[in-house]
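Visitor: dropping the sequence and predicted coords here.
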Amino acid sequence: MSFDEKKQFDLPGILYFASGNRYTGSVGTGIENGFNYAAEPGDGILNISIWSSPVCCELAEDKTQKEFSLTAEGIEKASQYLADSYNLSKKEKD
């Protein structure tokens, strides 16, 4: 099975997040290969969290976060940010 980066980081639409839903995903497993992410809506923003440790977002100590506007354009930028961050993490591990 090949990895389809476009589909992997394609986030749900604005109605999903406007309803207060959180979205999570991961690529790889384990401490050295894990890439975990969460997208959580706030007051007009979409907060993206990324971490590599094999724990939930709330317990991750290596978490980085970035905010995007809760708009269709902001969601698209968040998806691209996830793909770029994943590619950067792959390069750092190689």
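Guide: Perfect, thanks for sending it. Just so we're clear, the structure is a prediction, and the values are computed from it rather than from any experiment.

Visitor: what does stretch 36-52 rub up against?
Guide: Residues outside stretch 36-52 that contact it (Cβ atoms under 8 Å, 6 or more residues apart in numbering): 9, 11, 17-18, 20-26, 31, 34-35, 53, 57, 60, 62-70, 74-75, 78, 81-82, 85, 89. For glycine as for every other residue, the C-beta is placed from the backbone atoms N, C-alpha and C.

Visitor: all strands of the chain, in order?
Guide: 23-27, 35-41, 45-51, 64-69 (DSSP state E).

Visitor: sheet partners, orientation included, of the third one?
Guide: The pairing partners recorded for strand 45-51 under DSSP bridges are strand 35-41 (antiparallel), strand 64-69 (antiparallel).

Visitor: deepest of the ones you listed, which one?
Guide: strand 35-41 (a mean of 20; mean count of other Cβ atoms under 10 Å).

Visitor: quick one, that strand and strand 23-27 angle?
Guide: In terms of direction (axes from the mean of the first three to the mean of the last three Cα atoms, to 10 degrees), strand 35-41 departs from strand 23-27 by 170 degrees.

Visitor: pull the distance from strand 35-41 to the chain's centre.
Guide: Relative to the centre of its chain, strand 35-41 is centred 4 Å away, using Cα atoms, centre = their mean, to the nearest Å.

Visitor: would you mind checking the contacts of stretch 36-52 for buried ones?
Guide: By neighbour count, with 16 or more other Cβ atoms under 10 Å, the contacts of stretch 36-52 hold 9, 11, 17, 23, 34-35, 57, 60, 63, 68, 70, 74-75, 78, 81-82, 85, 89 as buried.

Visitor: export the strands of the chain to JSON lines and tack on mean pLDDT?
Guide: Shown next, in JSON lines, are the strands of the chain (pLDDT from 0 to 100):
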{"stretch": "strand 23-27", "mean pLDDT": "92"}
{"stretch": "strand 35-41", "mean pLDDT": "95"}
{"stretch": "strand 45-51", "mean pLDDT": "96"}
{"stretch": "strand 64-69", "mean pLDDT": "97"}
